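> sequence first, then the predicted structure:
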4 protein chains.
Amino acid sequence: MSTVSKSFYAIVAGVGAGTGRSVALRFAKAYPVVLLARNPSNYTDIVAEIKQQGGEALGISTDASDAASVASAFEQIKKEFGDKKLAAAIFNAGAGFGIKPFLETTADEFNQSLSGNAGGLYNFAHASLPQLLDSVDATSPAPLHPPTLLVTGATASVRGSSRFAAFAAGKFAVRALTQSLSREFGPRGVHVAHIIVDGTIDIPRTKSRIVNDGKPDGKIDPDAIADSYWHLHSQHRSSFTQELDLRPYVEKF
Amino acid sequence: MSTVSKSFYAIVAGVGAGTGRSVALRFAKAYPVVLLARNPSNYTDIVAEIKQQGGEALGISTDASDAASVASAFEQIKKEFGDKKLAAAIFNAGAGFGIKPFLETTADEFNQSLSGNAGGLYNFAHASLPQLLDSVDATSPAPLHPPTLLVTGATASVRGSSRFAAFAAGKFAVRALTQSLSREFGPRGVHVAHIIVDGTIDIPRTKSRIVNDGKPDGKIDPDAIADSYWHLHSQHRSSFTQELDLRPYVEKF
Amino acid sequence: MSTVSKSFYAIVAGVGAGTGRSVALRFAKAYPVVLLARNPSNYTDIVAEIKQQGGEALGISTDASDAASVASAFEQIKKEFGDKKLAAAIFNAGAGFGIKPFLETTADEFNQSLSGNAGGLYNFAHASLPQLLDSVDATSPAPLHPPTLLVTGATASVRGSSRFAAFAAGKFAVRALTQSLSREFGPRGVHVAHIIVDGTIDIPRTKSRIVNDGKPDGKIDPDAIADSYWHLHSQHRSSFTQELDLRPYVEKF
Amino acid sequence: MSTVSKSFYAIVAGVGAGTGRSVALRFAKAYPVVLLARNPSNYTDIVAEIKQQGGEALGISTDASDAASVASAFEQIKKEFGDKKLAAAIFNAGAGFGIKPFLETTADEFNQSLSGNAGGLYNFAHASLPQLLDSVDATSPAPLHPPTLLVTGATASVRGSSRFAAFAAGKFAVRALTQSLSREFGPRGVHVAHIIVDGTIDIPRTKSRIVNDGKPDGKIDPDAIADSYWHLHSQHRSSFTQELDLRPYVEKF
């Protein structure tokens, strides 16, 4: 793998074993990639994997929900990738789940879902949108595709289920923010899209979990998710998608 | 006006010149009413108005976004209304507007929308739901209507418009939380509903604002809103509404 | 019961044992009521019941999906109620259910759902909207409430479930038409609203059906539906609802 | 261009100068393609264009809203492509627009929108789904991608605007049917998806129309639409999209 571009880079916030890893590997075929995760163990192997395949990758320990941490990450990016413009920013971070009765949900848990999901996207978008706007008008070279901000959502982005109060509040807020950014930055040339991932992702951690009656391909292959993220990035500006859903063929919805 | 019930009370969080005042006056025809607002000047006159009409009212200075402040308000309620059960809790609070470009929206403004809207509802629901559950099974007397939690939404509850990033994030999160509470507490007998108020409310502060080409009734009469809140409260448990919208006949939507 | 008004009347299309009957009885407290159903056995008893209570009622055998039949009904109304203006028109008709696999759904069944649901509303709205518009400006006397067109929907109005192809197609089309009419006729003073009834209605025919684990009030009391229809009719024009849902507190959604 | 597959074919209903043409050309890179349109002038040039590029194409004059006409088309396909299985069926047909006041919309116009849009899809889906199901289990060779039914929608699929009563009723019904088919046939291995095309398509007929202030790429490039249709077809069955939207970056929504 040798990246198509050296003048542009991509950044993925919230890298782990699933969507983040696959998206990073997919975008690394075209761009040097920055990987953000709180815990370096979440990106170290992926950075190595990308480099081994001939790509460029840079992992930075970052807490997306902490503005100072995000600012520090972008400082480091500036030092190491200062010659590159931003082609694509993918927000895949999000505070943990915690399905529980509302009256057992603490204020801390509720607020962490808001700050970890919506607050994290606020920080990430604030840091990356000026760079994406800057890329819109780049000419030497021009970007391969319209500069893109992609945001991972979930079923809880559109449905407040019983006992999902904290998680749904965070995810609804992320979707609101993404919609607003689409409407504000789309006309300026930045493609902002929201992806509703509705199903269990097939990663080591979920191997033993039986979903959809254990049917083959009943869990989402994260590489398939990455293909759709890349498709969104590659869309012509006359035909942007603002939102799509992804789910296994056997998922009940 | 003499309230129908002395055994139950209603509480309205976020009382001001518009919806909060009208809802408080409407529910005061049936119940003693507690009025919460940060600034006592927002409820003093309304408390007086209710008392003058023969009703009972209690104003408490409360910041709904502050858990301790809400706890303190409910302590005071216990002292003064300790003999009464809760019939209806109306959440009409919400952090200010701030329509502005996303890159000019500070982290503080964004977070205040989350904590003032969703965080406020979290605090209010945490304090009132145990009381509402307690009222479900009350027998001597039984409640007039199913115990009710009503939540005021806005257009921004369902649409993330350009430059509404902060406000929409807060309002989407409120809607998520309300949906989740409807699904968790509805089957336990508490009616939880969300009202999307889509339009300018006709209050002194908006008198000079021209909306809908200045057509008559182009702004929402808050007493009309209160009629629909009361209707929701009065619905039989076999026929609960989870969400409805309210807008002037001439509003574009 | 003596109707409040002799100068206005209401009409209910699709009268049977459930929603139609209860709505007719509820509106008969205020207006003389016309009841339309294909089979006179569906309205004869209700007409008698209304008259017995001191109200006025007129039953007309009508197939709403047949334009000529609807035209003929409105001719007869003109003869008998020619001195009255139209206050409220309720469309509660709808072609039968037919849950079945798509490949077993015949073209006739599919088309009957379209013509019986959407086509029926087209005919009914075409006949009643000119009269409702005429009532907007009536002055001697003025209408009690803004002239109203109410349309009954179902879960299938917003969800195309597996094996509901025909029914959902018809119900989605009805909702589309209702939305469009709300936006066209609302600004002219006619209140057009859509009600999503999500649950089993408690009528003799469903008595033996176990829903929601047989819990009390697990089926919708049609009189409770009628209360919400009346509330919609009574809304002030500065605060119209376009859509609301109705479901039992124990309904899964 | 030489097609990848000789064992599978694609079919596009509703071929004209825009989406249909581009989708046919795109799918012709992989499969022999059948083109359906009422008027042969709508496909003759495209068939020639595909053949000139080394592809296979077959145009059949068909009225999708007429069951007999669709049956006859599939008879002819059986004769000419009897050795091939169906890989992808794209429904892009739809009865004309007719934006007009509701009271000026004739019953014929209303019904034609229902039969031309929803009725057309019913006919097309009835004929193609058995073939798509048959392809799911094909082994020698296996299909390149999960067999796919794609359906073109519009803004009017999700919004009943004023004066769009007929068009929206037809398009809502199409979306209902597509959703129902997704839920019924997805678990059986057929990918059914709905695409909301929200904007003016850039074709000769719209050249003189000024949209989005005449900004560059303010109309949708139909080749860009075709890229997204192909992406949907190529999705792995663990990660199907049920619905996405497509609109120019400058489109107001």
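Arrived safely.
> now the strands for the stretch 151-253 of chain A?
Remark: strands assigned in the stretch 151-253 of chain A by DSSP state E, counting those that start in this stretch are A:191-197, A:243-246.
> out of those, flag the one nearest chain D.
strand A:243-246 (3.9 Å; Cβ to the nearest Cβ). For every residue, glycine as well, the C-beta is placed using N, CA and C.
> got a list of contacts for the closest one?
With Cβ atoms under 8 Å, 6 or more residues apart in numbering or on different chains as the test, strand A:243-246 has contacts from A:193-199, A:220, A:224-225, A:228, A:232, D:239-245.
> CA atoms of that strand as PDB?
The C-alpha coordinates for strand A:243-246 follow below in PDB (Å, rounded to 0.1, in the frame of the first residue of the first chain):
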ATOM      1  CA  GLU A 243     -27.400  10.300   6.600                       C
ATOM      2  CA  LEU A 244     -27.400   6.600   6.000                       C
ATOM      3  CA  ASP A 245     -28.000   3.600   8.100                       C
ATOM      4  CA  LEU A 246     -26.000   0.300   8.200                       C
END
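> what residues are up against residue A:157?
Counted by Cβ under 8 Å, 6+ apart, residue A:157 has contacts A:168, A:171-172, A:174-175, A:194, A:196.
> show me what the host helix or strand of residue A:74 is packed against.
Using DSSP states H and E, the element containing residue A:74 is helix A:67-81. Helices and strands touching helix A:67-81, by 3 or more Cβ pairs under 8 Å, 6 or more residues apart in numbering or on different chains; DSSP states H and E, are strand A:8-13, strand A:33-37, strand A:57-61, helix A:120-136.
> after the second one, next one along is what?
Read it as strand A:33-37. Where DSSP H and E defines the elements, the next helix or strand beyond strand A:33-37 is helix A:44-52.
> quick one: mean pLDDT for that next one?
Averaged over helix A:44-52, pLDDT sits at 97.
> any idea of the angle that helix forms with strand A:33-37?
Orientation note: helix A:44-52 sits at an angle of 170 degrees relative to strand A:33-37 (axes from the mean of the first three to the mean of the last three Cα atoms, to 10 degrees).
> what does helix A:44-52 contact?
Residues contacting helix A:44-52 (Cβ under 8 Å, 6+ apart): A:1, A:15, A:21, A:24-25, A:28, A:33, A:35, A:56-59.
> apart from its chain neighbours, what residue comes closest to residue A:105?
Sequence neighbours aside, residue A:166 is the residue nearest to residue A:105 in space, at 5.3 Å (criterion: Cβ to Cβ, 6 or more residues apart in numbering or on different chains).
> wait, that neighbour touches residue A:108, no?
No - using Cβ atoms under 8 Å, residue A:166 is not in contact with residue A:108, being 9.8 Å away.
> so which of those two has more stuff around it?
residue A:166 (34 against 9; other Cβ atoms under 10 Å in any protein chain shown).
> contacts only, for that one.
A:98, A:105, A:109-110, A:112-113.
> now with 7 Å?
Residues near residue A:166 by Cβ atoms under 7 Å, 6 or more residues apart in numbering or on different chains: A:98, A:105, A:109-110, A:113.
> which one of the residues you listed is nearest chain C?
Nearest to chain C among the contacts of residue A:166, counting by Cβ to the nearest Cβ, is residue A:105 at 21.3 Å.
> okay if I get the helices and strands packed on helix A:67-81 as TSV plus distance to residue B:160?
TSV is the format used below for the helices and strands packed on helix A:67-81 (distance: least, Cβ to Cβ, whole Å):
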stretch	distance to residue B:160
strand A:8-13	20
strand A:33-37	24
strand A:57-61	29
helix A:120-136	12
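> for whatever residue of the stretch 51-200 of chain A ends up closest to chain C, phi and psi?
The minimum distance from the stretch 51-200 of chain A to chain C, using Cβ to the nearest Cβ, falls at residue A:162 (9.3 Å). Main-chain dihedrals, residue A:162, degrees, to the nearest 10: phi -60, psi 130.
> that one touches residue B:183, doesn't it?
Yes - using Cβ atoms under 7 Å, residue A:162 makes contact with residue B:183 at a distance of 3.9 Å.
> hang on, the earlier thing: what subset of the contacts of helix A:44-52 is buried?
Burial by neighbour count, 16 or more other Cβ atoms under 10 Å in any protein chain shown: within these this picks out A:15, A:21, A:24-25, A:28, A:33, A:35, A:56-59.
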